[in-house]
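Chemist: Here's a sequence, model it:
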Amino acid sequence: MHIRELRADETGLLKDFLYEAIFIPEGVEPLDKSIIYQPELSLYYEDFGSGPADNCLVAEVDGKVVGAVWTRIMNDYGHVADDTPSFAISLYREYRDKGIGTEMMRKMLTLLAGQGWKQASLAVQKANYAVRMYEAVGFRIVDENAEEYIMVREL
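Modeler: Coordinates of the predicted model:
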């Protein structure tokens, strides 16, 4: 496995990984892929690379991109402040639970700290198994609603 920066000609992959990132509880039918074009989701990829906190790392296995972690400052579900990048992370299902996501998160946190950001945030559904991974890399719950935790990691 190799982790590297997303190339400019690969930004279309963010749509695929955004769709993969949508948490579908066990026994629930997957949503139609067109959901990613809704305004509250398209902000994760539209004009990616134009903002000061737009960063993306991808994981490659045998030359195939199998996961992505990206950040940007956006008014998304995990928004806590205008100077705090929000995280998105996704892996193709067959590459989950292998430590790849944890390694991508660690590398992104190091990258953000090196850029001078003070903290990063994310939102995650309470039922999502990834909550444990976020806690393992230092995120803590700062707020919650009926369905989601809002988590922050000091850098």
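
Chemist: which parts of the host helix or strand of residue 4 are buried?
Modeler: Per DSSP states H and E, residue 4 falls inside strand 2-5. Along strand 2-5, these residues count as buried under the neighbour rule (16 or more other CB atoms under 10 Å): residue 3. (Each C-beta comes from the backbone N, C-alpha and C, glycine too.)

Chemist: Work out the sheet partners of it and label each with its direction, please.
Modeler: strand 55-61 (antiparallel) (DSSP bridges).

Chemist: so after the strand it pairs with, what's the next helix or strand?
Modeler: strand 64-72.

Chemist: for the helix or strand just after that next one, the distance to its chain's centre please.
Modeler: Going down the chain from strand 64-72, the next helix or strand is strand 86-91, by DSSP H and E. Centre-to-centre, strand 86-91 and its host chain are 1 Å apart (CA atoms, centre = their mean, to the nearest Å).

Chemist: Pull the residues that contact the helix or strand containing residue 105.
Modeler: Element membership of residue 105, judged by DSSP H and E, is helix 100-114. Outside helix 100-114, the residues that touch it by CB atoms under 8 Å, 6 or more residues apart in numbering are 1, 3, 53, 55, 57, 59, 61, 66-69, 71, 85, 87, 89, 91, 120, 130, 133-134, 136-138, 153, 155.

Chemist: by contact count, what packs against the next helix or strand along the chain from it?
Modeler: Next helix or strand after helix 100-114 toward the C-terminus (DSSP H and E): strand 119-125. Judged by 3 or more CB pairs under 8 Å, 6 or more residues apart in numbering; DSSP states H and E, the packing partners of strand 119-125 are strand 86-91, helix 130-136, strand 148-154.

Chemist: coming back round to it: quick one: buried ones out of the contacts of helix 100-114?
Modeler: Among the contacts of helix 100-114, those buried by neighbour count (16+ other CB under 10 Å) are 3, 53, 55, 57, 59, 66-69, 71, 85, 87, 89, 91, 120, 130, 133-134, 153, 155.

Chemist: which residues sit in contact with residue 136?
Modeler: Counting by CB under 8 Å, 6+ apart, residue 136 touches residue 102.

Chemist: how near is the residue sitting nearest the centre point of the chain to residue 27?
Modeler: Central residue of the chain (CA atoms, centre = their mean): residue 88, 1.4 Å from the mean position. Separation of residue 88 from residue 27 (CB to CB, to the nearest Å): 25 Å.
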